[in-house]
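>>> Model the structure of this input:
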Amino acid sequence: MNTKIEDKVLRKLKGLSYESQWRVLEFTCALAELSPKGIPGRDLVFFAGAIKSDDLMIMQKVIEEGCEKVDANGW
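Okay, here's the model as predicted:
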């Protein structure tokens, strides 16, 4: 973490009431849970070629036909 940001946050945090500090803690915990975890690509190489090329072509065709169309009456 950028220590300048961390220092600023800690200075502000020290000036808050206990209840507000608790809210900050809850907020940071919620942010940490939302952060994408992800999987390194090297761990996914195992799946390369798992989908048959015929199925990939069908998927590509359906995507091309169904995407990039604007429904003026849609939301």
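>>> C-alpha from now on. contacts and neighbour counts both.
Fine.
>>> Extract the C-alpha set from the lengthiest helix in the chain and format it as PDB.
Assignment by DSSP state H gives helix 18-34 as the longest helix of the chain. C-alpha atoms of helix 18-34 as PDB (Å, rounded to 0.1, in the frame of the first residue of the first chain):
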ATOM      1  CA  TYR A  18     -15.000   4.900  18.400                       C
ATOM      2  CA  GLU A  19     -18.300   4.300  16.500                       C
ATOM      3  CA  SER A  20     -16.900   6.000  13.400                       C
ATOM      4  CA  GLN A  21     -13.700   4.000  13.600                       C
ATOM      5  CA  TRP A  22     -15.800   0.900  13.800                       C
ATOM      6  CA  ARG A  23     -17.700   2.000  10.600                       C
ATOM      7  CA  VAL A  24     -14.400   2.600   8.800                       C
ATOM      8  CA  LEU A  25     -13.300  -1.000   9.800                       C
ATOM      9  CA  GLU A  26     -16.600  -2.400   8.500                       C
ATOM     10  CA  PHE A  27     -16.200  -0.400   5.300                       C
ATOM     11  CA  THR A  28     -12.600  -1.600   4.700                       C
ATOM     12  CA  CYS A  29     -13.700  -5.200   5.400                       C
ATOM     13  CA  ALA A  30     -16.500  -4.900   2.800                       C
ATOM     14  CA  LEU A  31     -14.100  -3.400   0.200                       C
ATOM     15  CA  ALA A  32     -11.600  -6.300   0.800                       C
ATOM     16  CA  GLU A  33     -14.400  -8.800   0.100                       C
ATOM     17  CA  LEU A  34     -15.300  -7.000  -3.100                       C
END
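>>> I'd like the next helix or strand past it.
Using DSSP states H and E, the helix or strand that directly follows helix 18-34 along the chain is helix 53-66.
>>> I'd like the average pLDDT over that following helix.
Averaged across helix 53-66, pLDDT comes to 89.
>>> sorry, back to before: what are the contacting residues of the longest helix of the chain?
With Cα atoms under 8 Å, 6 or more residues apart in numbering as the test, helix 18-34 has contacts from L13.
>>> at 10 Å instead, please
Helix 18-34 is contacted by residues V9, K12, L13, K14, G15, L16, S17 when judged by Cα atoms under 10 Å, 6 or more residues apart in numbering.
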